[in-house]
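Trainee: Sequence plus predicted model, see below.
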Amino acid sequence: MSCTECGRKGGCDAHKGAMFAALDEALARLYPTRRWGELDEAAAFAGGLAPGEGEALAAALAGRLKAATLFRPGEPDETCDYVYILCVGRPPGLIELREGALACEDAAALEAAIVESPVEEVYLRVSLSTLVRFAAVQEVTVTAEAEGPRVVVTEAPRAGVFAPPLLSRLRKLVAVLAEHGVRHLDFGEIIEAPAGFEAGDYPAHWGGAPAIANYLFYPQAPATVSTTTLT
């Protein structure tokens, strides 16, 4: 559901062929031993988005998609940063609340609303690789509910973008990425292990074999649910 070439004769084959070629080149350059955990640091240092580009992309996406966006740096064990685009819901949003990006009065008002009734929002989450100029997009449902005096925020990503109402925004998103020289990867094509690669110690830490998405963006499974308790 993430291909933007539908309706163009031969477009999908050309798009996928170029994407697979770019993936093969990037993986071979970044992981010359073809083994998880053996990243070529020099190759990684030379790729990815430059400092400030993620924030600039978030601002460009906010204007083009007419939606609230938030840039979030990745965690130390991740090789990507994120841009969240609010698609279902209204600002101020739960991601801003979770990340401490709201003014005190706005955060208090949103938390009070959550105490009255759970809140659910839907985002497009853009993962921006810090290793190579690649991006991948997932549909993410974020919910918040009160548990006693605390608010619990849950982020549940899907392995791609599936809801039809999100697809028009996805197409605009991909166009913005292209304008900034960032290649969009169809998520359905990066959830399998790359052929000929060794899993190394990945199964011991994460279970299963690492997918292409893990080599380029983050170590956790693409549909991993995360929960944050706000105090």
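Mentor: Yes, it's here. Numbers count the residues shown, from 1 in each chain.

Trainee: Where does pLDDT dip in the protein?
Mentor: For the chain, applying pLDDT under 70 flags the ranges 1-14.

Trainee: ok, the lengthiest strand in it: who's next to it in the sheet?
Mentor: Longest strand of the chain, by residue count under DSSP state E: strand 134-147. With DSSP bridges as the test, strand 134-147 is paired with strand 119-129 (antiparallel), strand 150-157 (antiparallel), strand 183-185 (parallel).

Trainee: May I see these arranged in JSON lines, with distance to residue 113 and mean neighbour count as well?
Mentor: Yep, even glycine has a C-beta here, placed from its N, CA and C like the rest. As requested, the strands paired with strand 134-147 are exported to JSON lines (distance: least, CB to CB, whole Å; neighbours: other CB atoms under 10 Å):
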{"stretch": "strand 119-129", "distance to residue 113": "7", "mean neighbour count": "22"}
{"stretch": "strand 150-157", "distance to residue 113": "10", "mean neighbour count": "18"}
{"stretch": "strand 183-185", "distance to residue 113": "35", "mean neighbour count": "21"}
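
Trainee: Let me know which of those is the nearest to residue 104.
Mentor: Residue 104 lies closest, by CB to CB, to one member of the strands paired with strand 134-147: strand 150-157, at 14.6 Å.

Trainee: in which helix or strand would I find the closest residue to residue 199 other than its chain neighbours?
Mentor: Nearest non-adjacent residue to residue 199, counting by CB to CB, 6 or more residues apart in numbering: residue 209, 4.7 Å away. According to DSSP states H and E, residue 209 maps onto no helix or strand at all.
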